[in-house]
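>>> Sequence plus predicted model, see below.
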Amino acid sequence: MTRILLGAVTAAVLFGLGVAPHAQAADKKVFAVVPKALGVPFYADAEKGCKEEAAKIGAECLFTGPAQLDDAEQGRIVRDLITKKVAGIAIAPNNPDSISGVISAAMAKNIPVVTFDSDAPKTKRVAFIGTNNEAGGESGGEAFAKALPKGGNYAVITGGLSAANLNDRIKGFKSKLGGNFKEVSGSPFPCNDDSSTAVQLIQDILAKNPNIDGIFFAGGWPMFAPEAYMRALKNKAADLKGGKFVIVSFDTLPTQIKLLKDGYATTLIGQRPTKMGSESVAQLNKILKGEKVPPVTDTGVDIVNSSNVDKFTAGK
């Protein structure tokens, strides 16, 4: 297994936070973690990490967010958390611009805010915990180009078109493709983080582009519905298993690992959402105690393919 820590933690430049320590009484601290959408399987591991770290420090993890991608609802939830006077907030912004105001409002109330998975660097957030998304996308592009040495036509499936983390992945991915690659019309195709929509996009892409050579998933959405995903790829299954059609996807959730083993993916770019959740709570707790945290913590990625998948799963 190839393990890469992309863009090392900038620990040498510790951030002066400017957040006064919370004078919480004997009450248990409540740290809120707000994903882009609750229904995305990726965030279940972030919730697990949040709860594990909260239990370790005697705090509570409140995992809450929109049912599906909704900028306004995500902002409303954060405003509600401010009213409830939670000890700290970790948020994965769907749209960095739309969330800026509520992050400022929380910080003004002495409630520290960090971002995870998706960053909002132009806001007043204290720190970011997550993948170096552009570098992760570059790894995906390298794997894609290696699998198609002669180039070819490709499509990209993404979540929301305004999601900064996904756009960074796509930017990195494309940067590693040479001039012999051509993106099909309409790409990237947004699924709004919905698995059913992502599967339908695959069907539509293949129907309109029967000679397409590969697809890049900026997130694992279609693979989270494995049966429907395999049906959508029925006419490309033999080519995929034979290396004539390529799929590179972010994330390494269990359903994706099984699909990779069964020949329904070429390479997976695995993130570490459990670490994102635990580190978010740990850093918020440090901020409350007046300690410094690095402005960026890169949680790293795992490059997984058929040659190392067994070693990867054995090390989980």
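Thanks, I have it.

>>> For residue 28, give me the backbone phi and psi.
Reported as degrees, to the nearest 10, the phi and psi values for residue 28 are phi -70, psi 130.

>>> how about residue 220, what does it touch?
41, 42, 249, 250, 251, 253, 256, 268 (C-beta atoms under 8 Å, 6 or more residues apart in numbering). All C-beta atoms are positioned from the backbone trio N, CA, C, and that covers glycine.

>>> what's the closest of those residues to residue 127?
Nearest to residue 127 out of these is residue 42 (C-beta to C-beta; 20.4 Å).

>>> quick one: that closest one from residue 272, how far?
11 Å (C-beta to C-beta, to the nearest Å).

>>> Ramachandran angles for the closest residue to residue 178 other than its chain neighbours?
Spatial nearest neighbour of residue 178, chain neighbours left out: residue 151 (6.3 Å); criterion: C-beta to C-beta, 6 or more residues apart in numbering. Main-chain torsions, residue 151, degrees, to the nearest 10: phi 80, psi -170.

>>> just the one 4 residues further on next, same as before
For residue 155, the backbone dihedrals are phi -130, psi 160 (criterion: degrees, to the nearest 10).

>>> what sits against it?
Here residue 155 is in contact with 183, 184, 186, 187, 188, 189, 205, 209, 212, 214, 215, 216 (C-beta under 8 Å, 6+ apart).

>>> tell me the domain boundaries of this structure?
The record's domain split for the chain, according to automatic domain parsing, is 17-129+274-290, 133-270.

>>> and stretch 281-289, what's its mean pLDDT?
In this model, stretch 281-289 has a mean pLDDT of 98.

>>> For that stretch, which residues meet the burial criterion?
Neighbour counts over stretch 281-289 (16 or more other C-beta atoms under 10 Å) mark 281, 282, 283, 284, 285, 286, 287, 288 as buried.

>>> quick one: which helix or strand includes the second one?
Assigned by DSSP states H and E, residue 282 belongs to helix 273-288.

>>> Point out where this protein drops to low pLDDT.
Flagging of the chain using pLDDT under 70 yields the residue ranges 1-26, 316.

>>> quick one, strands of it?
2-4, 30-34, 60-63, 88-91, 113-116, 127-130, 152-158, 181-183, 189-190, 214-217, 246-250, 267-270, 296-298, 301-305 (DSSP state E).

>>> Reformat those strands into a markdown table and put distance to residue 78 next to each item.
A markdown table is the format used below for these (distance: least, C-beta to C-beta, whole Å):
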| stretch | distance to residue 78 |
| --- | --- |
| strand 2-4 | 32 |
| strand 30-34 | 6 |
| strand 60-63 | 12 |
| strand 88-91 | 6 |
| strand 113-116 | 8 |
| strand 127-130 | 16 |
| strand 152-158 | 24 |
| strand 181-183 | 35 |
| strand 189-190 | 23 |
| strand 214-217 | 28 |
| strand 246-250 | 25 |
| strand 267-270 | 29 |
| strand 296-298 | 21 |
| strand 301-305 | 28 |
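
>>> sorry, back to before: nearest to residue 144 among the buried residues of stretch 281-289?
Using C-beta to C-beta, those come closest to residue 144 at residue 283, 33.5 Å.

>>> what sits against the residue most central in space within the chain?
Centroid check for the chain by C-alpha atoms, centre = their mean gives residue 117 as the closest residue, at 4.8 Å. Residues in contact with residue 117 (C-beta under 8 Å, 6+ apart) are 35, 36, 42, 43, 46, 92, 130, 131, 165, 271, 273, 276.

>>> from the contacts of residue 220, which two are the most distant?
Across the contacts of residue 220 (C-beta to C-beta), the longest gap, 14.0 Å, separates 41 and 268.

>>> so which of the strands of the chain comes closest to residue 81?
Once the strands of the chain are compared by C-beta to C-beta, strand 30-34 is nearest, at 4.8 Å.

>>> still on that earlier bit, could you say which one of the domains of the chain comes nearest to residue 311?
Here domain 133-270 is closest among these (C-beta to C-beta), at 11.9 Å.

>>> Now find how far off-centre that closest one is within its chain.
With C-alpha atoms, centre = their mean, to the nearest Å as the basis, domain 133-270 stands 15 Å off its chain's centre.
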